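Peer 1: what follows is a predicted structure for the sequence shown.
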Amino acid sequence: MHLLINTGGGDAPGLNAVIRAVTLSACRRGFRVTGIHRGYAGLLNEYPRGLIPLTRDSVRGIAELGGTILGTVNRGSPFQYPITDGGPGALSDLSDRLLENFKATGADGLIAVGGDGSLRIAARLMEKGLPVIGVPKTIDNDLAATEVTFGFDTAMSFATEAIGRLHSTAEAHSRVMVVEVMGRYAGWIALYAALAGGANVALLPEIDFDLDRVCASLEHRFETERPFAIVVVAEGAKPCGGSLLVKAEELGKERTLGGMGAFVAEEIARRTGLETRSLVLGHLQRGGSPTPNDRVLAIRYGAAAVRLAAEGRWGQMVSYQPPRMSDVPIIEAIAHQRSVPLDHDAIQTARDLGICLG
């Protein structure tokens, strides 16, 4: 069997561990593995030089590395592929060319590692006849049909460490420190980092926040408890009656959220007079070595994907249903996003600890 593998969308700690696990698991069965450079570019404008043979030697020592040795792109759907001969921003459907090049490789199928956007592309390619197995990847932990995705633990751990570091400087200056974290439309990173890091306020996409309540909570803390506070803001949070803040929106590219942390900080300072500072953790949450938990999880995902390929179970996505790796149809996995349920124990725990959720 000959397997192709690519990584798409935003990078996440653990991608290289998946690549290593797929390669070693395949080689052990006598299979051949070829990596596709930068999403689908290796089968399109970079073909054939964008195909990278993967061997036991080429993946040695990569499990602890961040990023992806195959490269990735956020804007590389073969159905809306950037082209140079149509002017700035021109896009074209090159999916038929991709299928022709795929057939020319002699490969039996593709292991597509990505988030909901990448898996939607994989599902469309599957409908056109390309055998695909999906591996869920996102630091946001917002993919349905799997309990947790690799990359989340690393991102949450980094955010927790950053929040912990802010306690001492916030207390020294009697300030409110507002930290904006990633997560898109789900509040998993913000909620878990707020709990682990001892934040006083956590604003999530799932709960529209009331700035008056947030400010009242902070003023009460300064008056009755300790004169400093930490506020965690998910990039996809929004105030009651307000809207999401978008940094950039381009044709053919998913909009980039951001700016809510600065907005919240400005409003807190204006309404309360408290000295307030804000910072955005941004892509720091994506970088660096994956935590041991994420490495093990990613390795398990990769090995499970090869098992599905060996069984010919194309069209499935590997799904982690503790304590086992299982699988679900890709189309089912992308049916909806996984937000934090309002009745989740972590929500109740935050309230029990006195964390203001807005």
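Peer 2: Arrived safely, thanks for sending.
Peer 1: part of a strand, is Val232?
Peer 2: Yes - under DSSP: H, G, I helix; E, B strand; the rest coil, Val232 sits within a strand.
Peer 1: in the stretch 201-350 of the chain, mark out all the helices, start to finish.
Peer 2: Here the stretch 201-350 of the chain has its helices, by DSSP state H, counting those that start in this stretch, at 211-224, 260-272, 292-310, 330-333, 345-352.
Peer 1: for the protein, which spans come out with low pLDDT?
Peer 2: Within the chain, the ranges that satisfy pLDDT under 70 run 86-87, 248-255.
Peer 1: go with 90
Peer 2: 74-76, 82-90, 144, 242-258, 336 (pLDDT under 90).
Peer 1: mind naming the longest helix for it?
Peer 2: helix 152-173 (DSSP state H).
Peer 1: flag every buried residue along that one.
Peer 2: For helix 152-173, burial by neighbour count (16 or more other C-beta atoms under 10 Å) applies to 152-160, 162-163, 166-167, 170. C-betas here are computed from N, CA, C, even on glycine.
Peer 1: could you dump these to a markdown table with distance to Asp11?
Peer 2: Shown next, in a markdown table, are the buried residues of helix 152-173 (distance: C-beta to C-beta, whole Å):
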| residue | distance to Asp11 |
| --- | --- |
| Phe152 | 14 |
| Asp153 | 15 |
| Thr154 | 11 |
| Ala155 | 11 |
| Met156 | 16 |
| Ser157 | 16 |
| Phe158 | 14 |
| Ala159 | 17 |
| Thr160 | 20 |
| Ala162 | 19 |
| Ile163 | 23 |
| Leu166 | 25 |
| His167 | 29 |
| Ala170 | 31 |
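Peer 1: closest to Arg338 among those?
Peer 2: Phe152 (10.9 Å; C-beta to C-beta).
Peer 1: touching, that closest one and Thr138? I think so.
Peer 2: Yes - the criterion here is C-beta atoms under 8 Å, and Phe152 meets it with Thr138 at 7.4 Å.
Peer 1: between the helices of the stretch 201-350 of the chain, which one is closest to Ala26.
Peer 2: That would be, of the helices of the stretch 201-350 of the chain and by C-beta to C-beta, helix 292-310, which comes in at 5.2 Å.
Peer 1: contact partners for Cys240?
Peer 2: Asp208, Phe209, Asp210 (C-beta atoms under 8 Å, 6 or more residues apart in numbering).
Peer 1: pull out the buried positions in stretch 188-205.
Peer 2: 188-195, 197, 199-205.
Peer 1: what about it, how long is it end to end?
Peer 2: End-to-end distance of stretch 188-205 (C-alpha to C-alpha, to the nearest Å): 10 Å.
Peer 1: tell me the contacts of Leu119?
Peer 2: Contacts of Leu119 (C-beta under 8 Å, 6+ apart): Ala112, Gly134, Pro136, Leu143, Met317, Ile330, Ala333, Ile334.
Peer 1: my read is it is in a strand, agree?
Peer 2: No - according to three-state DSSP, Leu119 belongs to no strand; its state is helix.
Peer 1: hmm, back to that, between the buried residues of helix 152-173, which sits nearest Gln321?
Peer 2: Phe152 (16.0 Å).
Peer 1: what kind of secondary structure is the closest residue to that closest one other than its chain neighbours in?
Peer 2: Counting by C-beta to C-beta, 6 or more residues apart in numbering, Asn141 is the residue found nearest to Phe152 once chain neighbours are left out, at 4.1 Å. Here Asn141 is coil, with the state taken from three-state DSSP.
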